[in-house]
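Visitor: Predicted model and sequence below, questions to follow.
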Amino acid sequence: MSTVILVTGGTGLVGKAIEYVIENEPAGSRFGKRPNEKWIFASSSEADLRDPAQTRKLYEKYQPTHVIHLAALVGGLFKNMKYKLTFLRENILINDNVLHASYEHKTQKLVSCLSTCVFPDKVEYPLTELNIHNGPPHESNFGYAHAKRMVDVQNHAYKEEFGCNFTSAIPTNVFGPHDNYDLEDSHVIPGLIHKCYLAKKNKTPFVVSGTGKPLRQFIYSRDLAKLFIWQLREYDDVEPVILSGRFGEDEEVSIKEVADAIVKAVGFQGSYTFDTSRADGQYRKPASNKKLLSLIGDFKFTPFEEALNESVQWFLENYNNARI
Ligand code: NDP
C-alpha cells in the first residue's frame, strides 16, 4: 500500500527544506524518500486551510495517510503585537481544520508544528516539554502562542476520544534557504543577512541592534527537516518534542557570533558595530533538547557556519525572487 505524505505549508521555509531533504538524501535512507512514498507539498493557493471546505477538498484529492502540518500565519514581533486577534483566530482555524480533516480521513500519523513561544513567560529555564501550559505566554504574541498551544490540547483530546496518532514538534528559531528576508518583519538571522548584504552593496556601515551578548537557539531548516521526517517515521507519542540545533558542544549562540558569521559569509569588509542604545531583549531563554537527543540516536547537526553560508549563498543567488 502506498504512503501519501501531505506537507501543509509546503512552500515555506520549513516545507521547502523538507522537500530538499526528501529529494537529496539517498533514496531509502533514514531521511530519504522510501519506495511507495508520495510527498505532496501544499501551498495556500491550492487550499486556504482557514476554510473547512477547502481543507476537506485537499484531503479528498490526495487521501493523505500521513501529514506534517506546518501551515500557519507567521510573522515577526511587530506583526504579532499589532494583529493578536488575527494571529489567534487564523491559526486556530487552520489548525482545527487540519486536525479534524486528519481525523475524518483516518490519517495514520499527524505531526504539527508549534514554536517555543508557546512556553510561559515566567518559567524556570531550561524550557522542557513538560511546562508548556504552566502559565500565560509572553503578552507580545499571546494570540499566536495560544493558537499553537491549543494544538497540543487538541492532540491529547483526539488521542483520548478517538485514539488518533497525533503529535507535535517545538522548533527553536529556524533559518535557511527560502527564509523571509523582509527587513521589517523577519527573524534575526535573515534580517541581519539582508542588512549586511545592503551595507556591502551600498558601502554603508553594518549596525547590529543591541550589545550582541544575548544568547539564542537556532536550528538550520535542513536539519529541522530531517527531525520532522524522524518524528513522522519513528516517534509515536502524543507528547511534543523540542527540536533545537546543536553546534559543536553548544546549544546557544550569541547574537555577536551570528553577526560575525554573517559578516564573513557575506564578505563584508566595511565598518561593523553594535548599537548598544537599542534594547537587547531577554539575555537567554534556553529550551532543552535532551529529549530529542535521547531518542534520535546518531544524528549530525550541520555546523553553524556551514549552515549560515548555505543560507547566505541561497539569498545571494535568489535575491530577485526571495521574500524581501
Ligand atoms: P513560512 O512563512 O515560510 O511559510 C508558511 C507556510 O504556510 C507557507 O507555505 C504558506 O503558504 C502556508 N500558509 C499560510 N497561511 C495559509 C493558509 N491560510 N492556508 C494554507 N497554507 C497557508 O513559515 P515557516 O516555514 O517559517 O514556518 C513553518 C512552521 O514552523 C509554522 O507552523 C511556524 O509557526 C513554525 N515555526 C517557525 C519558526 C521560524 O523561525 N521560522 C520557529 C518555530 C516554529 P503560501 O506560501 O502559499 O502562502
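Guide: Structure received. Numbers count the residues shown, from 1 in each chain.
Visitor: Read off the pLDDT value for residue 247.
Guide: Looking at residue 247, its pLDDT is 73.
Visitor: burial count for it?
Guide: Around residue 247 there are 20 other residues, counting by other CB atoms under 10 Å. Backbone N, C-alpha and C define where each C-beta goes, glycine included.
Visitor: For whichever residue of the stretch 151-300 of the chain sits closest to the ligand, list each beta-bridge partner.
Guide: Nearest residue of the stretch 151-300 of the chain to the ligand (CB to the nearest ligand atom) works out as residue 174 at 3.7 Å. Residue 174 has the following beta-bridge partners by DSSP bridges: residue 219.
Visitor: can you pull the contacts of it?
Guide: 13-14, 187, 218-221, 224 (CB atoms under 8 Å, 6 or more residues apart in numbering).
Visitor: Recalculate using a threshold of 10 Å.
Guide: Residue 174 makes contacts with 12-14, 17, 113, 115, 187, 189-190, 218-221, 223-225, 243, 245, as judged by CB atoms under 10 Å, 6 or more residues apart in numbering.
Visitor: before we move on, what about residue 115?
Guide: 72, 74, 141, 144-145, 148-149, 169-174.
Visitor: Give me the nearest residue to the residue in the chain positioned nearest to the ligand, chain neighbours excluded.
Guide: Here the chain gets closest to the ligand at one residue, residue 12, 2.0 Å apart by CB to the nearest ligand atom. Setting aside the residues directly before and after it, residue 12 is nearest to residue 70 in space (CB to CB, 6 or more residues apart in numbering), at 6.3 Å.
Visitor: Let me know whether the one you found touches residue 44 as I believe.
Guide: No. Using CB atoms under 10 Å, residue 70 is not in contact with residue 44; the gap is 11.5 Å.
Visitor: Now do the shared contacts for the two.
Guide: With CB under 10 Å, 6+ apart, residue 70 and residue 44 have common neighbours 8-12.
Visitor: Can you tell me which of those residues end up in strands?
Guide: residue 8 (DSSP state E).
Visitor: ranking the shared contacts of residue 70 and residue 44 by neighbours, who comes first?
Guide: Highest neighbour count within the shared contacts of residue 70 and residue 44, by other CB under 10 Å: residue 8, with 32 neighbours.
Visitor: OK, contacts around it?
Guide: Residue 8 touches 15, 40-44, 46-47, 49, 55, 58, 64, 67-72, 94-95, 97-98, 101, 110, 112-113, counting by CB under 10 Å, 6+ apart.
Visitor: May I have the beta-bridge partners of it?
Guide: residue 69.
Visitor: Do stretch 97-115 and the ligand come into contact?
Guide: Yes. Against the ligand, stretch 97-115 shows contacts by CB under 6 Å from any ligand atom at 113, 115.
Visitor: From here on, call the first residue 3.
Guide: Shifting the count to begin at 3 puts that one at stretch 99-117.
Visitor: Dump that stretch to CSV, restricted to CA.
Guide: The C-alpha trace of stretch 99-117 is given here as CSV (Å, rounded to 0.1, in the frame of the first residue of the first chain):
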residue,chain,number,x,y,z
ASN,A,99,-9.5,22.3,10.0
VAL,A,100,-6.3,20.3,9.5
LEU,A,101,-6.6,18.2,12.7
HIS,A,102,-10.3,17.5,12.1
ALA,A,103,-9.7,16.6,8.4
SER,A,104,-6.9,14.3,9.5
TYR,A,105,-9.3,12.6,12.0
GLU,A,106,-12.1,12.3,9.4
HIS,A,107,-9.7,10.8,6.8
LYS,A,108,-8.2,8.4,9.3
THR,A,109,-4.7,9.8,8.8
GLN,A,110,-2.3,7.3,10.4
LYS,A,111,0.0,10.0,11.7
LEU,A,112,0.0,13.8,12.1
VAL,A,113,2.9,15.9,13.2
SER,A,114,2.0,19.5,13.8
CYS,A,115,4.4,22.4,14.3
LEU,A,116,4.4,24.6,17.4
SER,A,117,7.0,27.1,18.4
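Visitor: quick one: buried residues of that stretch?
Guide: Buried residues in stretch 99-117, counting neighbours by 16 or more other CB atoms under 10 Å, are found at 99-105, 107, 109, 111-117.
Visitor: Also stretch 176-191?
Guide: Neighbour-count burial for stretch 176-191 [16+ other CB under 10 Å]: 176-184, 187-191.
Visitor: Determine which two of those are furthest apart.
Guide: 179 and 187 (18.5 Å; CB to CB).
Visitor: Can you list the helices and strands that the host helix or strand of residue 316 packs against?
Guide: Residue 316 is part of helix 306-319 when elements are defined by DSSP states H and E. For helix 306-319, the packing partners by 3 or more CB pairs under 10 Å, 6 or more residues apart in numbering; DSSP states H and E come out as strand 175-177, helix 190-204, strand 220-222, helix 223-236, helix 257-268.
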